[in-house]
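# Here is my input, please return the structure:
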Amino acid sequence: MPQIGWLEILSVVIIAILVLGPKEFPIALKKIGSYIGKFKNTISNFQKEVTSVTKEVNLEEEIITENKKIKKESEENG
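From the prediction side, this is the model:
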C-alpha cells in the first residue's frame, strides 16, 4: 500500500488553498471533518450491530447444544 508523505500532504493543502481561497478553505475542512465523523459513527454503529447479532447467534447455538445434551442425558437415564 502506498504511503503518503509530508510533501504530498503539503502539496494537496497548497493546491486546495489556491483553488478554494483562504476564506473557504477552513469551511471546507470543517465540512470534510463533519463527513468523516458521520462516516466513522456509521461504521461504529454497523460494527455494534454485527457484534450484537453474532452474540445472539452464538447464544442460540449454545442453547440448542445444551438442550440436545439434556435430551440425550434424559433418554439415557429414562
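# Give me the neighbour count for Leu20.
14 (other C-beta atoms under 10 Å). Using the backbone N, CA and C atoms, a C-beta is placed for each residue, glycine as well.
# same question, Glu56
Glu56 has 10 nearby residues by other C-beta under 10 Å.
# so is the residue sitting nearest the centre point of the chain in a helix, a strand, or just coil?
In the chain, the residue lying closest to the centroid (C-alpha atoms, centre = their mean) is Ile43, at 3.1 Å. Taking DSSP: H, G, I helix; E, B strand; the rest coil as the rule, one finds Ile43 in the helix state.
# Which strands and helices lie in contact with the helix or strand containing Ser74?
In this assignment (DSSP states H and E), Ser74 forms part of helix 24-77. For helix 24-77, the packing partners by 3 or more C-beta pairs under 8 Å, 6 or more residues apart in numbering; DSSP states H and E come out as helix 6-20.
# Output the helix it packs on as PDB, nothing but the C-alphas.
This file holds the C-alpha atoms of helix 6-20, laid out as PDB (Å, rounded to 0.1, in the frame of the first residue of the first chain):
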ATOM      1  CA  TRP A   6       4.500  15.200   4.200                       C
ATOM      2  CA  LEU A   7       5.500  16.700   0.800                       C
ATOM      3  CA  GLU A   8       2.300  15.200  -0.800                       C
ATOM      4  CA  ILE A   9       0.100  16.400   2.000                       C
ATOM      5  CA  LEU A  10       1.600  19.900   1.800                       C
ATOM      6  CA  SER A  11       1.100  19.900  -2.000                       C
ATOM      7  CA  VAL A  12      -2.600  19.000  -1.600                       C
ATOM      8  CA  VAL A  13      -3.100  21.700   1.100                       C
ATOM      9  CA  ILE A  14      -1.400  24.400  -1.100                       C
ATOM     10  CA  ILE A  15      -3.500  23.400  -4.100                       C
ATOM     11  CA  ALA A  16      -6.700  23.400  -2.000                       C
ATOM     12  CA  ILE A  17      -5.900  26.800  -0.700                       C
ATOM     13  CA  LEU A  18      -5.300  28.100  -4.200                       C
ATOM     14  CA  VAL A  19      -8.500  26.500  -5.600                       C
ATOM     15  CA  LEU A  20     -10.800  27.300  -2.700                       C
END
